[in-house]
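Q: Just need the structure, nothing else, for what follows:
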Amino acid sequence: MENISNDYDYQRESILVVDDDPSAMTVTEELLRALGFGAESASSGAEALRGLEAESHSFLIADMKMTEMDGFERITQTRKNFSDICIIAMTAYADQYKYMDIIRAGASDFIKKPVDFQELEAKIVRIIKERDLKKELSRLSITDPLTSVYNRRHFFSRLKEEMVRANRQKHPLSLMLVD
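A: Predicted coordinates:
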C-alpha cells in the first residue's frame with residue numbers, strides 16, 4: 001500500500017486502535033501498519049487508557065459502542081488526560097450518534113464501520129495537517145518574526161503562569177525590567 005500524502009512521514013505517527021471486535025481491531029491495525037503508520041491495539045477502554053499512559057500515541061481510533069466503557073466517556077477521559085492526542089471515533093451504529101455530539105465530546109473526526117481505509121487515511125492526513133498548522137500558528141503568535149525571540153504575548157502568558165505558581169506555593173515573585 002502506498003500512502004496518499006508524500007508530505008508526511010507516517011512512521012512518526014503512533015496510532016492506538018480500540019475495538020472489542022477482535023477481527024475488526026486486527027484488520028484495522030494491520031492495514032494502518034501496511035500504510036506505514038505505527039499501530040497498536042487494545043480490546044477495552046480500560047486497556048486503551050493504560051496503553052496511552054504507558055506509551056505516547058498521536059492518534060486514538062476507538063469504537064463508540066463497547067461493553068465496559070461508552071464511547072463518549074472514553075473520548076472525554078482521553079481528552080482530559082491526554083490533551084494532545086487526536087481522536088477518531090468509529091462505529092457500525094452511525095445512526096445512533098450525532099456527528100456534532102462526538103466532536104463536542106472531544107473527537108477530531110468520526111468514521112463509519114466497515115471502515116473505508118482510503119477515507120480513514122484521508123481523515124488522518126487532514127488531522128495531521130490541522131494539528132501541525134495549529135502548532136505553527138501557536139509558535140508564530142508568541143515569537144517575533146524577525147528575531148524569533150518570544151514576544152509580549154508570550155511574556156504576559158508566562159507571567160500569569162508564574163503568578164499562579166507563586167501564589168500556590170506561597171513564594172514571593174519579583175520582576176525586574178531592564179532597558
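
Q: any idea of the mean pLDDT in the longest helix along the chain?
A: The longest helix of the chain (DSSP state H) is helix 117-142. For helix 117-142, the mean pLDDT works out to 94.

Q: So which elements touch it?
A: helix 22-35, strand 59-63, strand 86-91, strand 109-112, helix 152-169 (3 or more Cβ pairs under 8 Å, 6 or more residues apart in numbering; DSSP states H and E). No exception for glycine: its C-beta is placed from N, CA and C like everyone else's.

Q: Would you mind giving those as CSV with mean neighbour count, mean pLDDT and distance to Thr76 added?
A: Below are these laid out as CSV (neighbours: other Cβ atoms under 10 Å; pLDDT from 0 to 100; distance: least, Cβ to Cβ, whole Å):
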stretch, mean neighbour count, mean pLDDT, distance to Thr76
helix 22-35, 16, 92, 22
strand 59-63, 25, 94, 12
strand 86-91, 23, 94, 10
strand 109-112, 18, 94, 15
helix 152-169, 11, 93, 25
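
Q: Out of the ones you listed, which gets nearest to Ser14?
A: strand 59-63 (7.2 Å; Cβ to Cβ).
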